[in-house]
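Engineer: Pasting the sequence and the predicted coordinates here, then a few questions.
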Amino acid sequence: MHQSQSNPGDHLRALEKWGIIERAEETADGRERPWRSKAASLRIDSTSAGAGRLAGQAIMRTAVDRVLAQFEELSDEDPWDDVSMMSRSRLWLTHDEAVRFGQELSELVDRYKQHRTQSDHPAGTRAVGSLYAVVPLGKPAEDS
């Protein structure tokens, strides 16, 4: 039985269609066709079903793995090492509070983005990665 290989170009074009990546400038020799992230952030809601839900979970797993790698890559002699942190909490919230909590976290990140980009940001700034998740745990209460 012959299985066809997935074409990475197909995956890249799908990510482009969804607005996640875009083509970057071609290299001088024109042989490479680089891609870059289109946005400074990516939000994935787990509300889709089927393949969309599985794709979202795969992207989430990749994001978490990348954050772990970034912690590992950060030298303990880096002058910005004192700002690196990760926090994990268990909160007891109503559904409305959980919605509001997620919205407030998103608003906080947006406030710090301030339309700054890799090519347009004040002197003295540095790219700082952030990752947060809002995940209901266990089964819903009977009265929720």
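Structural biologist: It's in.
Engineer: Give me the contacts around the longest helix along the chain.
Structural biologist: Longest among the helix segments of the chain by residue count, using DSSP state H, is helix 50-73. Outside helix 50-73, the residues within contact range by CB atoms under 8 Å, 6 or more residues apart in numbering are 42, 44-46, 48, 84, 86, 129, 131, 133. For every residue, glycine as well, the C-beta is placed using N, CA and C.
Engineer: from the residues you listed, which is closest to residue 118?
Structural biologist: residue 129 (13.0 Å; CB to CB).
Engineer: and the residue nearest to residue 45 when sequence neighbours are not counted, how far is that from residue 46?
Structural biologist: Nearest non-adjacent residue to residue 45, counting by CB to CB, 6 or more residues apart in numbering: residue 56, 7.5 Å away. Taken as CB to CB, to the nearest Å, the spacing of residue 56 relative to residue 46 amounts to 6 Å.
Engineer: so residue 22 sits in a strand?
Structural biologist: Yes: under DSSP: H, G, I helix; E, B strand; the rest coil, residue 22 sits within a strand.
Engineer: I'd like the distance between it and residue 107.
Structural biologist: Where residue 107 is concerned, residue 22 sits at a distance of 26 Å (CB to CB).
Engineer: what about these two, which has more around it?
Structural biologist: Just comparing residue 22 and residue 107: by other CB atoms under 10 Å the higher neighbour count belongs to residue 22, 12 against 9.
Engineer: OK, contacts around the residue nearest to the spatial centre of the chain?
Structural biologist: Centroid check for the chain by CA atoms, centre = their mean gives residue 42 as the closest residue, at 4.6 Å. Residues near residue 42 by CB under 8 Å, 6+ apart: 20, 59, 63.
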